[in-house]
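S.K.: One predicted model, sequence on top.
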Amino acid sequence: MAAVTDETTPLAAGPDGTGAERGAPDAGFADAGAADVGLTDAGLPDAGRAPTRLCIASRTVRPVEEMLRFVVAPDGTVVPDIHARLPGRGAWVTARSAALAEALKRKAFSRAFRGKGRVDAALSDLVGQLLEKDALAALALAKKAGQVVTGNAKVIEALQSGKVAVLMHASEAAPDGAGKLDALARRIGEAAGRDIARIDSLPGTQLDLALGRANVVHAALLAHPTSAGFLARMKRLEGWRAD
């Protein structure tokens, strides 16, 4: 079996030259005994190494940004490691709730951790909560960096400046108000030859807490690394919730 998750052995070169073929089944996954060693790793690879890992649910190799790492906590329970920083051996699952459900159905964690991991019934809920918390923390960081504007008038002004990367509405925002801003964002994006991302899955109460303001309905994030970080985390959260 190719050691797709070992901390010292690089992936076999695939068609893209960066590692095992992405999305391709690992031919040795079904082997018993020593093959199980490749189901876990000791963390993210060093710089220059191919950032791919084996999904223990789908038996495919994927980029780590599309996956979630799980480790066994000191009390013996399997816990999510959404930043891939916790010590110990880790098993990876595609960042979709359906993939985690499949891993549980296959008892894949038990195999990956050689029977040492105990799975709590609320694991999927915990993952969703942590991903949401991570996204909101990234939004707060963008606000701290001065890259977030709120309020209808300021959002319009920001859109017209051509600096907006993400347009955001509270999930309970009125359709007409959100629709007008969306239309403006589309026109400006088309004129500039780029897309302005749209997010409307967070309730206003969470936006209020993350941004330190009351009654946030519409907001815009300006083009900046902190905004890109928030968008990446929101995509992962929405992907998790999509199933």
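M.R.: Okay, I see it. Residues are numbered from 1 along each chain as shown.
S.K.: Just give me how far the longest helix along the chain sits from the chain centre.
M.R.: Ranked by number of residues, the top helix in the chain under DSSP state H is helix 123-144. Put simply, helix 123-144 sits 10 Å off its chain's centre (Cα atoms, centre = their mean, to the nearest Å).
S.K.: tell me what the helix or strand that comes right after it is packed against?
M.R.: Per DSSP states H and E, the first helix or strand lying C-terminal to helix 123-144 is strand 148-150. Helices and strands touching strand 148-150, by 3 or more Cβ pairs under 8 Å, 6 or more residues apart in numbering; DSSP states H and E, are helix 152-161, strand 218-222. Using the backbone N, CA and C atoms, a C-beta is placed for each residue, glycine as well.
S.K.: what about 7 Å?
M.R.: strand 218-222 (3 or more Cβ pairs under 7 Å, 6 or more residues apart in numbering; DSSP states H and E).
S.K.: Each with direction, which strands does the strand it packs on pair with?
M.R.: Strand pairing for strand 218-222, determined by DSSP bridges: strand 148-150 (antiparallel), strand 164-169 (antiparallel).
S.K.: At which residues are the strands of the chain located?
M.R.: Per DSSP state E, the chain carries strands over the ranges 52-54, 61-63, 67-72, 78-81, 90-94, 148-150, 164-169, 197-199, 218-222.
S.K.: Adjacent strands (with direction) for the fourth one?
M.R.: By that I understand strand 78-81. Strand 78-81 is paired, per DSSP bridges, with strand 67-72 (antiparallel).
S.K.: Could you chop the protein up by domain?
M.R.: 33-123, 133-241 (automatic domain parsing).
S.K.: how about TSV for those domains, with mean neighbour count and mean pLDDT added?
M.R.: TSV is the format used below for these (neighbours: other Cβ atoms under 10 Å; pLDDT from 0 to 100):
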stretch	mean neighbour count	mean pLDDT
domain 33-123	18	88
domain 133-241	17	97
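S.K.: re the thing from before, quick check: angle from the longest helix of the chain to strand 67-72?
M.R.: Here the directions of helix 123-144 and strand 67-72 differ by 120 degrees (axes from the mean of the first three to the mean of the last three Cα atoms, to 10 degrees).
S.K.: what angle separates helix 123-144 from strand 90-94?
M.R.: Using the same axes, to 10 degrees: helix 123-144 against strand 90-94 is 80 degrees.
S.K.: helices or strands up against helix 123-144?
M.R.: By 3+ Cβ pairs under 7 Å, 6+ apart, helix 123-144 packs against strand 78-81, helix 97-105, helix 204-211, helix 225-241.
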